[in-house]
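> Sequence first, predicted coordinates after that:
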Amino acid sequence: MQTDLKKNYLAPGHNACPGCGVAIGVRLILRAAGEKVVVVSPTGCLETFTSPYGASAWEVPWVHPLFENAPAVASGIEAALKYKGDYETHVIVIGGDGATFDIGFGALSGMVERGHDILYICYDNEAYMNTGIQRSGATPYGATTNTTPRGKFSRGETRPKKDLLEIMRAHNLRYVASATIAYPQDLARKVKKGLAIDGPAYIHLITPCNLGWGINPEETVELSRLIVKTGLFPLVEYEDGELTSVHKLKNALPVEEYLKKQKRFAHLFEEENAQMIAEIQKMADQNIKKYNLAG
Amino acid sequence: MKLNLGGVTEAGRSKQNRTGNWRYFLPVVDQKRCNGCGTCELFCPDSAIEINNKLCLINTFYCKGCGICARECPRSAITMQVERGVAV
Amino acid sequence: MNPEAIKSKEIMQGSAAIAETIKAIAPGVIAVYPITPQTHILEHLARLVADGQLKSKYITVESEFSAASVIFGAASAGVRSYTASASQGLLLMTEVIFNMAGTRLPAVITAVNRSLSPPINIQVDHQDTMTLRDSGIIQIYVESIQEAVDTHIQIFKIAEDREVLLPAMVCMDGWILSHAYEPVTLWRDEAVQEFLPPFDPVFQVDPKNPLTYGALTDDDKITEFKYMVHDALIRSKEKIKKVAGEFRDAFGNYYGDVIEKTYTEDAELILIAMGSMAGTIKAALEKLRAQGKRVGLIKIRSFRPFPDQELRTALAGAKAAVVLDRSFSCSSGGILGGEIKACLYGQGGPQVINYALGIGGREIYPETVLEIVNQSERLVESGKIPPETIFYNLNRELL
Amino acid sequence: MVEIRVHGRGGQGSVVTAELLAIAAFRAGKFSQAFPYLGGGGERRGAPVQAFCRIDNKPIQLKCQIKQPDYLIVQDVSLFDVVDIFQGLKKGGFVLVNSANGPRELGIQAQDFRVYNFPATEVALETLKRPVMNTAMIGAFAALTGMFDLESLKYAVGRKFPGEIGLSNVAAMEKAFRLAKGSSSGGSVTGEA
């Protein structure tokens, strides 16, 4: 494996939990993006663990405005840079699923609809982790969180997660892709592509949260790999509306392989919930069919 | 030190923080098995690994002991060992 | 007036006059979202951009929240930035406005004052901007279209001053100023540019100097950061005064500094008001003075920073201050009245009579002013000034 | 100071009427002011609209609606059923109603004021081929009151409506001015004291 760029733009000494998937993701993103960037991040885990006053982990210009307005603030920065004649500096938003799927979605939709030259990367750990694991629009079917707990009448999240990739595709973006931290070269390539195109681009990055998913710190990368290998999170790439690459799966793993490692899905393995696992397997199968992952 | 206007703060000052004392387990590299491929460095969330001249060096000032490096090492060259002085 | 600075003397709509002034000020980034009665400003700006007369990046956002956020971003990148809004739109911006003040970003907002829902109402009062009073934004209220034009030029200079660096708002009454036609002198772009130096921020988002904006702070520093905003806003008072003087020197117009006094020297009763109603009050004062009544007016230009010391001095000789509030805080009463009482408390100043009136466009006529003066005189005479706010002409039959 | 109140419905150009009068007065060297009142929540066609114009020889300080107008311009007779049009009208005040019918036919009991009618919509339909009668009303108003010179009004219309539409509106205004002037003692204009 090659590590082409050694420069580290996320300094050590930050306050992320041991084994944090987001920290890995951001290191990889920044490494691919290089020096000429401005990063905007909404409120969330990333913001909290990187930005104590006097102890910032950021080695690139970084702006944290509010929870729900990072895309709009990034729009203003992009416009201002262009107004000043700076067409080289890339503007990147790195925001969590809460900020992206839920509270900041209007601003994201506006940003891409207006065509700002910004790469938006959603680091999706499938719940509000910064506030202590509450469901978001990205929480998958069956997952327990502190607002979708297992109870006498509850078996976790009842709805499938919002398909943000398709929603972003519907905005007619020139570049839409999904990635995980388990495939760093693929992620780096996609970040570079997203930055190279003129106009908005969107990358959906799945990043496990050890605490929220109920896994061990050392399993972060492994889980990012398993979610791909089961077909639950296909790695795909759309350029100018065309599907231009998919990460093929020779033999997709059964979803149990992925689910059984996480405490948030533990209740699915109770006998009465077997049907729920079948539902989730169906979702994976649909993905495999939709993107022809097996072929 | 006077506070900056608007809370604007300097880059990269987190380096002053010792996060190594969060650790229960320490990654120990078997340098004979290690070929310096850099997988561990790539996946280290804490930027606590340096590959220097094909040699994998763990920065214990920062390493939080998550164990991703050991789990992901393609040659199983890293093992997690109980930190001295830590009761498990 | 300085004849060399004049571009035109025309009768024109307030919104058009503001847009033409913004063109002369030439912000790098303008974000817009339509809301009545502010839309004519952004439509006029759009035409200027479409015709190539204005080189700003003109961004049509999806909400006022994003309008404020876009100018937050642009200001953080060191570019002069501007938006306009009203009513619900300003409230939707609230969170960003606090953030702008705390981050010390001097973007400028034209607030076209309008009532808040419910019930929905598009007429004027000051509830929208007064609700933002705790944010740290500078708020200057204007009486006329000309004052609105001149204040816009001044406010960028105040906000962008390195000793201030705060967002700022020109508050102009909806319809009465935004949609009215009045004779207006517009200033030459060159004269405006000469008066207004380029925005030269202390910090800016720039890859050459990678800074972190929006850091997290704990209790060890948070009071200090917040105090710095409080202190900068207080200190901006001197800048407002200085810039008002500089404007007079450069252009000839002057509206007072943080307050404007009319007939206050010998006044026993001093009315205190903000915004366009000051004009109607001035017309009423002429009648009152002709009757030999010793009544004066203090028009508050700068509500934030609050002109506390200036009010204490100006009110020192009066028997009573009659505060006319176009907004109120539920259960507490008139907002301006409350603040003036607080600033006079224990200082031996005049008694304060507080009226809430003009809500949701309910008209304030010269007759309204005369009646309030009469009522107030009677209250002073009787020695029974109510401590609470009097809701003028409240129709109790409807309650 | 002269105070003019315009009553109309959204889409009839009442706000513009007040603005045009203010522009013309300013052009003629006066101080002036115009502004609208859009009750009922906004800029919708058909809704009752009021607009105001003040003209004076010195700067105008007042920032309120006109409660006691010297002049009324009524663009739509249907408003008599909806709005108290004459409210506050000064003694000896002047009213111009857009109608081919005289005050008596309109059921107006003129007391201490003068009421004139002028068929502005007809003039507008003839000239502009559209029922937008405000410039015709202004022409008639100028002719009957003598308050405005035609040149200032033409300037105002030209500024507000550049190009072809401005020219046709000027034509409507001039035609109305001539008609009203020529028949101010009768004909299509009825005066009643």
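Okay, I see it.
> Show me which residues of chain D sit near chain C.
D:15, D:18-19, D:22-23, D:26, D:31-38, D:41-43, D:59-65, D:67 (CB under 8 Å from any CB of the partner chain). Where C-beta positions appear, they are placed from N, C-alpha and C, glycine not excepted.
> And the buried ones among the residues you listed, selectable in ChimeraX?
The buried residues among these can be selected in ChimeraX (16 or more other CB atoms under 10 Å in any protein chain shown) with this line:
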select /D:15,18,19,22,23,26,31,32,33,34,35,36,37,38,60,61,62,63,64,65
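> Which ones among the residues of chain D next to chain C lie within strands?
Among the residues of chain D next to chain C, the residues falling in strands (DSSP state E) are D:31-37.
> Spell out for me which residue occupies the centre of chain B.
Nearest residue to the geometric centre of chain B (CA atoms, centre = their mean): B:Ala48, 2.8 Å.
> ok, it - contacts?
The neighbourhood of B:Ala48, defined by CB atoms under 8 Å, 6 or more residues apart in numbering or on different chains, consists of A:12, B:20, B:58-64.
> By proximity to chain B, which residue of the stretch 101-250 of chain A wins?
Closest residue of the stretch 101-250 of chain A to chain B, CB to the nearest CB: A:Glu218 (3.3 Å).
> picking up where we left off before, now, of the contacts of B:Ala48, which are buried?
In terms of neighbour count (16+ other CB under 10 Å), the buried residues within the contacts of B:Ala48 are A:12, B:20, B:58, B:62-64.
> wait, which of those is closest to chain C?
Out of the buried ones among the contacts of B:Ala48, the member with the shortest distance to chain C (by CB to the nearest CB) is A:Pro12, at 15.5 Å.
> check contacts around the closest one.
Residues near A:Pro12 by CB under 8 Å, 6+ apart: A:57, B:14-15, B:19, B:46-48, B:59, B:61-62.
> nearest to chain C, of those?
When those are compared against chain C (criterion: CB to the nearest CB), the nearest one is A:Ala57, at 8.5 Å.
> list the contacts for the residue lying closest to D:Phe52 once chain neighbours are set aside?
Spatial nearest neighbour of D:Phe52, chain neighbours left out: D:Ile66 (4.6 Å); criterion: CB to CB, 6 or more residues apart in numbering or on different chains. Going by CB under 8 Å, 6+ apart, D:Ile66 touches D:3-5, D:52, D:54, D:88.
> Same check on C:Asp308?
By CB under 8 Å, 6+ apart, the contact set of C:Asp308 is C:Cys343.
> and it, backbone torsions?
phi -60, psi -60 (degrees, to the nearest 10).
> State the pLDDT value of it.
C:Asp308 carries a pLDDT value of 97.
> how much space between it and C:Ser329?
18 Å (CB to CB, to the nearest Å).
> Also C:Glu64?
Distance, C:Glu64 to C:Ser329, using CB to CB: 22 Å.
> Equivalent analysis for A:Arg114, please.
Counting by CB to CB, the separation of A:Arg114 from C:Ser329 is 38 Å.
> before we move on, what about A:Lys152?
Distance, A:Lys152 to C:Ser329, by CB to CB: 46 Å.
> cool, and C:Asp150?
C:Asp150 is 31 Å from C:Ser329, by CB to CB.
> Out of those two, name the residue with the larger neighbour count.
For C:Asp150 versus C:Ser329, the count of surrounding residues by other CB atoms under 10 Å in any protein chain shown is larger for C:Asp150: 25 against 17.
> Quick one: name the residues of the stretch 1-150 of chain C near chain A.
Proximity of the stretch 1-150 of chain C to chain A, by CB under 8 Å from any CB, involves residues C:28-29, C:31, C:56-57, C:59-63, C:65-79, C:81, C:95-96, C:99, C:103.
> switch the cut-off to 7 Å
Within the stretch 1-150 of chain C, the positions near chain A by CB under 7 Å from any CB of the partner chain are C:28-29, C:31, C:57, C:59, C:61-63, C:65-66, C:69-74, C:76-77, C:79, C:81, C:95-96, C:99.
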